[in-house]
Each structure stands twice: as structure tokens, then as C-alpha cells.
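Student: Below are the sequence and a predicted model; questions follow.
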Amino acid sequence: MGVVTKRHSFGVTESALSWIKSYLSDRSQCVAIGMTTSEGKWCYKDRYLDHALQGTAPQYLEELVVPYQLTRSIRSESGAFLIIPTIPGVTYESPLRHTPEPFADLVLSKMAMAASWNAKQKKKHIKAVQPKLRVFRAKEPLMSVLMWGINHSINELNHISVPVMLMYDDFKAYSKIRMDNHLFNKENMPSHFKFKEYCPIVFRNLRERFGIDEEVYMNSLTKTSPIDVDVSGRSGARFLMSYDKRFVIKTMVSEEIAEIHRILKDYHQYIVECHASTLLPQYLGLYRITVNDQETYLCVMRNVFSPRLIVHTKYDLKGSTVARQASDKEKQKELPTFKDNDFVNDGIMIYIGKESKERLESTLKADVDFLVKLNLMDYSLLVGIHDVDRAEEEAAEANIAAADAEDESPEENGVDEGGGGLGGAEVDEGAVDLSTPNVSVACPTPPDSPGLLLDPPMFSGSFDPCFELFAVKSDERSGKNLIYFMALIDILTHYGVKKRSAQAAKTVKYGANAEISTVKPEQYARRFLDFILKYME
């Protein structure tokens, strides 16, 4: 066969040789596919079919035995070799019925060469393998159904042509599906659930006008379970975020859903007319999920803050002074939400330059006029401030700490392990602070997800519309290199009987001249704009 072997030149023990022979003596038919050439290269060859592949590393042997069925891997302290049985129906020139000495030499040589080759290889860093198949696995059934439902909805919409214009019925339409499974996929999904999407054609059109691709929307919300911020806002709503921090999911009560339905047609028309140039919340999807006979309403919105820039200070401004300061408990949080009185006492001025102020003022006035027409009030302007210089210092310190930790902690079993969490912060509609210095640590990495979304680059001086839609740079008068994120939130409060009663009660308590937050929409809008524009230059 032209095999070059030296029985003990590779340090194979006598016990290993005896073990090989005893194993092979019990097999009536087998085909060896390992040998060495005179040049010292590996050659995998069927001894009787005369098929060889040169220069292949030992660990790839399994890929070369197809269509044969690999039955066993024999290992010893000197290395490893593989034996495959002959296949019924395949004729060999002379089936191997015993173990001649040359064959033992062949196996011995293969074992020794495998040991020698493996000894030269460096220890490789093995990463945990995650399945690429989307299984909608979450810690709670509600999130599993949400992921499944959004995936189902987008796939269904892909088969529906985009209409030339939206009709009246599109604003009344809904899609509802009920699933009843028996002992099927029970590890990932509840056996019985309902998923309802409101006005799917309308919200698809809104996503398009807001520049959000359908596949991006689906992947952000379904590749891995949304992250629960685990903090309730003033209304007791629950907030979640997509793994890439692009979208915020808020639970709503039925009254809020009814209010969205009431204003949806006007809201859509306004977005069309202003070409999506607005500070209003960007409503992207409206759903109802029923699990265990419990209904949950969910609204998906675009995140106000950037996924890649951490917000260092945050204000919720209404233009009111009555009970408008952060509590002592709130101030103890890592990122407290300050209010109007705190804003004034801190001496904050929003320096953005004349051109930026004119553009922002025009947009803000148009948005507020729209809310007045719909008889809405009690909204806020959320202001998030990112300090570029401070962020660079924090990033440099984090990199040094990470490098030191990597040097001090040895690898265990060559497997990466990741984890992390989010601190508690005050939660506002559409503006959960999702900007942490290291996104890839705070969020679990979904299968086959692009790294750019999880670990985006630091701010380079220009805004990315995918990340910084609501961002404005400060000018030199601020004395610092700042970036402001500003948007309107909590716009669904209708000035009806309930609010009129609240206004009367607060007027009696605080006096007629007190700047309470509950006032008529026209008065609220005027006071709101005066306050915001007073502190903006």
C-alpha cells in the first residue's frame, strides 16, 4: 500500500497496540480510511475503492466518510482513529476478515500522527452555539405570543399588496387569530392563546412613513425576547424594549386603546402632511394578546433616545410648577427623571443655535396645535442630555477595566458566558432610557444578529437617522459638548368630564392662580410653549 510507518517511533505504548488489535479482532468486516504518505501528509482513503484526499486535518475525518455511517471513535492516550463498517450492497475487492499486521501498523501510524498533529494545535476559543431557528422562546407566555404574533403579522402583510390610498375601513380593520394546541410546542408557547392586531394596513403605512423597514421591525421584536424594564410609570403601565433598543413596548388600558382609535385617522393624516417631521410619539403597532383568559393591550413605539448614546440627565417638562419636582426617592435612582422645578433650579438652558431653535419651534408649535384640535392635554416634553466628553471618559475607563479584568480572569473551558441587566429608572412613554455604555452586555445577543446593532460605534460627530432621530447638538454657548434628545410623550389624555372634575378639585386646593397641570387644552398648550421656548436659545 506504500504506507510509511514506524511502529513505536511516535511513543505509542504496547498496551495501546494490544488494545487496538483486540478491538479489531472482533470485527468481521471493516474498512480503514486513515494512512500517511511518504511526504508525511494525511491521506484518507477507502482501501478497496481507491479514493483518496490529500492534506486534510484529522478532525475533518467525519466529513469524508459520507455516505458511510460512522459507528465509533476509538481513542487512546496516543490519539484517535476511526473505523467504518462495510455497507450492505457495496462490493469490495477483498473484504477484510481478519486483522493482518500491516493493518495494525496502519492504524498505529494514524493514531500517532493524530496525536502529533493535535499537540501542535493551539487551544481554540469555543463559543456557545445558539440555534438560528426562530423559536419565540421567552420567560413568560405573554412575550412568546407577542414575538410569534408580530412574526405572523409581518409575514401575512408581505402577501398583501400596498394600497394606493388608505380607505375608511382600514382604520376599523383588525386581524385576529386563535391558537389551540394539544401537547404541541408546549415548551415555547402556551397551549391556548389569541393574538389581535388593530389596523394592520394603517400601521404598516405609518412604519413606512417613519422610515422603518418591515424586516428590521420584525427582527428587532422577534429575534429574542423583549427586555422588561421592570419599572412602572405613573399610570402603572409596564414597559419593555427590543434587544437592539430601537423600540419601546408599553402596556395600555382599554381607555387608551380607545383614544388611539379615536385619533388614529387624524394622526395618520397629520403624519402624511408633515412628512413624518414631528416630535409626536411614533406609534408603530397596536396589539391585544389573550393568555389564560387575561387580555393585555400593547403598543409599540420608536425609542426617543439613541441606542448607542447614554443619557446622563433627563427632564420631564410640562410648564407647570405645582408638585412638579422629583421626589427624594426618585433622586436616589441611577438616572432620575427631574421635572419643571428641578429644571429651573438647576439653571438649565438649552443652547442649540438660532437655526435649530427656529426649526424645533416650528415643529413643536405645529404638533401642539394638532393636539389642541384633538382636545388633548397633560403631555410632556421629554429632554435627555448626553454629555459627549463625559461619555468618552467613561468609555475609556470601561475599556481599561475590561482589559484588566480579561488579563486577571483565566478562560474556563474555552466557553464564552454573557449576562447583564438594567438598572431601575423612571419610565416615560416612548422614552425608556435604553442607552447603556455597553449594549452588548446589557442585552442578550440573539442568534445570527448583526453586531452593529448590539455594539454600535461611539458618536463621531454626525447623527444616524436610525439611531438619533430626535437629537440636536448644543452650540458653543453651552460650554460643553452636549446632545439633546427631545420629543413629546404621554399625549393620550383627553380633556373630558374626568379631567374637568380634576381641574375643579385642584383649583379649590391650590387656588385659581396656581399653575396646575390640569387645565383646558388651549391654556395648557400656551403655557407649555411659553415655558419651553423661554429656556431654549
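Tutor: Cool, the structure landed. These numbers were taken from a predicted model, which means no experiment stands behind them.

Student: gap between residue 387 and residue 393?
Tutor: Residue 387 sits 9 Å away from residue 393, going by C-beta to C-beta, to the nearest Å. All C-beta atoms are positioned from the backbone trio N, CA, C, and that covers glycine.

Student: Name the residue in those two with the higher neighbour count.
Tutor: Between residue 387 and residue 393, residue 387 has the larger neighbour count (other C-beta atoms under 10 Å), namely 19 against 11.

Student: check contacts around that one.
Tutor: 312, 480-482 (C-beta atoms under 8 Å, 6 or more residues apart in numbering).

Student: any idea how far it lies from residue 338?
Tutor: 15 Å.

Student: ok, now residue 530?
Tutor: 20 Å.

Student: and what of residue 275?
Tutor: 33 Å.

Student: just residue 379 next, same as before
Tutor: As judged by C-beta to C-beta, residue 379 and residue 338 stand 17 Å apart.

Student: rewinding a little: more neighbours, residue 275 and residue 338?
Tutor: A direct count of neighbours by other C-beta under 10 Å for residue 275 and residue 338 places residue 338 higher, at 22 against 8.

Student: wait, doesn't that one sit right on residue 311?
Tutor: No - in this structure residue 338 lies outside contact range of residue 311 using C-beta atoms under 8 Å: 12.0 Å.

Student: hey, C-alpha coordinates of stretch 287-306 in CSV?
Tutor: Presented in CSV, the C-alpha positions along stretch 287-306 are these (Å, rounded to 0.1, in the frame of the first residue of the first chain):
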residue,chain,number,x,y,z
TYR,A,287,-51.9,44.6,19.6
ARG,A,288,-54.1,42.7,22.1
ILE,A,289,-52.9,39.3,23.5
THR,A,290,-55.1,36.9,25.4
VAL,A,291,-53.3,34.3,27.5
ASN,A,292,-55.2,32.3,30.2
ASP,A,293,-58.3,34.4,29.6
GLN,A,294,-56.4,37.6,30.5
GLU,A,295,-56.3,40.4,27.9
THR,A,296,-53.2,42.6,27.6
TYR,A,297,-53.0,45.6,25.2
LEU,A,298,-49.6,46.5,23.8
CYS,A,299,-48.4,49.5,21.8
VAL,A,300,-45.0,49.6,20.0
MET,A,301,-43.3,53.0,19.6
ARG,A,302,-39.9,54.2,18.5
ASN,A,303,-37.5,54.9,21.3
VAL,A,304,-36.8,58.6,21.7
PHE,A,305,-33.3,58.1,22.9
SER,A,306,-30.4,56.7,20.9
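
Student: returning to what we had before: please indicate which of the contacts of residue 387 are buried?
Tutor: 312, 481-482 (16 or more other C-beta atoms under 10 Å).

Student: Rebuild these as TSV, extending it with secondary structure, distance to residue 474 and pLDDT.
Tutor: Putting the buried ones among the contacts of residue 387 into TSV (DSSP: H, G, I helix; E, B strand; the rest coil; distance: C-beta to C-beta, whole Å; pLDDT from 0 to 100) gives the following:
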residue	secondary structure	distance to residue 474	pLDDT
312	coil	13	92
481	coil	7	89
482	strand	4	91
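
Student: With respect to residue 349, which of these is nearest?
Tutor: Nearest to residue 349, judged by C-beta to C-beta, of the buried ones among the contacts of residue 387 is residue 482 at 10.9 Å.

Student: Residues in a beta bridge with that closest one, which ones?
Tutor: Residue 482 has the following beta-bridge partners by DSSP bridges: residue 387.

Student: So which residues of the protein form helices?
Tutor: 14-24, 101-120, 141-157, 200-209, 214-222, 254-273, 328-331, 340-345, 354-373, 388-408, 439-442, 451-454, 497-510, 521-534 (DSSP state H).

Student: orientation of the last one relative to helix 354-373 in degrees?
Tutor: On the basis of axes from the mean of the first three to the mean of the last three C-alpha atoms, to 10 degrees, helix 521-534 is oriented at 170 degrees to helix 354-373.

Student: Counting neighbours, show which residues of helix 521-534 come out buried.
Tutor: Using 16+ other C-beta under 10 Å as the test for burial, helix 521-534 gives 521, 524-525, 527-529, 531-532.

Student: ok, so of those, who is nearest residue 334?
Tutor: Using C-beta to C-beta, the buried residues of helix 521-534 come closest to residue 334 at residue 532, 26.3 Å.

Student: Burial check on the residue lying closest to that closest one once chain neighbours are set aside, number of neighbours?
Tutor: Of all residues not flanking residue 532 in the chain, residue 381 sits nearest, at 5.7 Å (C-beta to C-beta, 6 or more residues apart in numbering). Neighbours of residue 381 under the rule other C-beta under 10 Å: 21.

Student: how close does residue 381 get to residue 362?
Tutor: In terms of C-beta to C-beta, residue 381 sits 15 Å off from residue 362.

Student: Please apply the same query to residue 288.
Tutor: For residue 288, the distance to residue 362 - C-beta to C-beta - is 37 Å.

Student: Between these two, tell me which one has more neighbours.
Tutor: Per other C-beta under 10 Å, whichever of residue 288 and residue 362 has more neighbours is residue 288, with 19 against 11.

Student: what sits against that one?
Tutor: 194-196, 198, 257, 295-298.

Student: Could you dump the residues you listed into JSON lines with distance to residue 145, neighbour count and pLDDT added?
Tutor: Below are the contacts of residue 288 laid out as JSON lines (distance: C-beta to C-beta, whole Å; neighbours: other C-beta atoms under 10 Å; pLDDT from 0 to 100):
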{"residue": "194", "distance to residue 145": "8", "neighbour count": "17", "pLDDT": "95"}
{"residue": "195", "distance to residue 145": "6", "neighbour count": "21", "pLDDT": "96"}
{"residue": "196", "distance to residue 145": "11", "neighbour count": "17", "pLDDT": "97"}
{"residue": "198", "distance to residue 145": "16", "neighbour count": "22", "pLDDT": "98"}
{"residue": "257", "distance to residue 145": "17", "neighbour count": "18", "pLDDT": "96"}
{"residue": "295", "distance to residue 145": "12", "neighbour count": "11", "pLDDT": "96"}
{"residue": "296", "distance to residue 145": "9", "neighbour count": "15", "pLDDT": "95"}
{"residue": "297", "distance to residue 145": "13", "neighbour count": "20", "pLDDT": "97"}
{"residue": "298", "distance to residue 145": "10", "neighbour count": "21", "pLDDT": "97"}
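
Student: Distance to residue 166 added to the residues you listed, as a markdown table?
Tutor: Supplementary listing: the contacts of residue 288 in a markdown table, determined by distance: C-beta to C-beta, whole Å:
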| residue | distance to residue 166 |
| --- | --- |
| 194 | 26 |
| 195 | 23 |
| 196 | 20 |
| 198 | 14 |
| 257 | 20 |
| 295 | 27 |
| 296 | 27 |
| 297 | 23 |
| 298 | 23 |
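
Student: What is the nearest of those residues to residue 227?
Tutor: Using C-beta to C-beta, these come closest to residue 227 at residue 298, 14.4 Å.

Student: Test my guess that the closest one contacts residue 287.
Tutor: Yes - applying C-beta under 8 Å, one finds residue 298 in contact with residue 287, separated by 4.7 Å.

Student: Need the residues touching each of the two.
Tutor: residue 146.

Student: Tell me how far residue 395 lies from residue 285.
Tutor: Residue 395 is 34 Å from residue 285, by C-beta to C-beta.

Student: Just want to know which of these two has more residues nearby.
Tutor: Neighbours were counted for residue 395 and for residue 285 using other C-beta under 10 Å; residue 285 has more, 24 against 14.

Student: Run through the bridge partners of the more buried one.
Tutor: residue 300.

Student: Now do the contacts for residue 537.
Tutor: By C-beta under 8 Å, 6+ apart, the neighbours of residue 537 are 349-352, 357, 477.
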